[in-house]
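K.L.:
Generate a structure from the sequence data that follows.
(one chain, ligands or ions: 1)
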Amino acid sequence: MNENSKYEGWKRVYEDYPLEALPWELGKPRKVLVELIESGRIGKGRALDICCGAGTNTVYMTLKGFEVTGMDIAPKAIEMAKEKAKKAGVDIRFISGNVVHPPFKDEEFDFIFDMGCFHHILPEDREAFIKGVHRTLRVGGKYFLTCFSYKNGRAWNHFTEDDIIRHFSGYFRIKELKHYSSLEGDGVIRYFYSVLMEK
Ligand SMILES: C[S@@+](CC[C@H](N)C(=O)[O-])C[C@H]1O[C@@H](n2cnc3c(N)ncnc32)[C@H](O)[C@@H]1O
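P.N.:
Below you'll find the model as predicted:
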């Protein structure tokens, strides 16, 4: 199977459903991202919103002074994100494509934000994905991952603290690892980890 076709289903998600029907689309930036940026723990610079969806967090980071690129496999999501950026009056580079092999230069970014990207990458692509994030982040740059927790029940993409350490500690220094809950757009409380890592 071609690598991109494994993720084709995402294209239809944004074509077949209105944004309000997508549980992750809260219509406002993620609280964990807002807290991280407001705390000043992340220096302003070149940022990548990896799997940016319809661009809510991407626009927020831009308004906060980052020079942001958003990438997602769903062209319709990128179209919506561009529209959102236009409405907000900000200039953002949006790219449609598969993030497993990101088309960016080595050390291109100071900060990579991942809201629900890694946990949708298929197990056989996880290592390539992590290597891509590592390669495109500068030394000393930060990777902020949020992913589903085991507390949502057993599933192939629900992780424990040990899973996270096993996947990422060979590439990054794990500076913070927190468990949190979030009321999602479909009214369901879901559990996540937020992980701040440094290259
Ligand atoms: C749970 S949504 C999160 C979207 C966005 N980060 C947000 O918080 O609104 C997951 C996103 O990952 C994208 N995606 C999934 N697999 C991908 C891949 N291999 N390459 C690029 N984008 C992908 C989907 O199209 C979808 O927009």
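K.L.:
residues contacting K44?
P.N.:
K44 makes contacts with K64, G65, F66, as judged by C-beta atoms under 8 Å, 6 or more residues apart in numbering. Any C-beta I mention is one placed from the backbone N, CA and C, and that applies to glycine too.
K.L.:
The first one touches I37, doesn't it?
P.N.:
It stands for K64. Yes. Using C-beta atoms under 8 Å, K64 and I37 qualify as a contacting pair, with a distance of 5.4 Å.
K.L.:
more crowded one of the two?
P.N.:
Comparing K64 with I37 by other C-beta atoms under 10 Å, the one with more neighbours is I37, at 21 against 16.
K.L.:
if we can go back for a sec, would you turn the contacts of K44 into a markdown table with distance to the ligand and pLDDT?
P.N.:
Formatted as a markdown table, these follow (distance: C-beta to the nearest ligand atom, whole Å; pLDDT from 0 to 100):
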| residue | distance to the ligand | pLDDT |
| --- | --- | --- |
| K64 | 16 | 97 |
| G65 | 20 | 97 |
| F66 | 15 | 98 |
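K.L.:
now, among these, which is nearest to I50?
P.N.:
Distance to I50 across these (C-beta to C-beta) is lowest for F66, with 13.6 Å.
K.L.:
Phi first, then psi, for the closest residue to that closest one other than its chain neighbours.
P.N.:
Residue nearest to F66 in three dimensions, not counting chain neighbours: A47, with 4.1 Å by C-beta to C-beta, 6 or more residues apart in numbering. Taking degrees, to the nearest 10, you get phi -120, psi 150 for the backbone angles of A47.
K.L.:
residue contacts, A47?
P.N.:
Contact partners of A47, counting by C-beta under 8 Å, 6+ apart, are M61, F66, E67, V68, T69, F109, D110, F111, I112, F113.
K.L.:
All the strands of the protein, residue numbers only.
P.N.:
Using DSSP state E, the strands of the chain run over 46-50, 67-72, 93-96, 109-115, 137-148, 173-183, 189-198.
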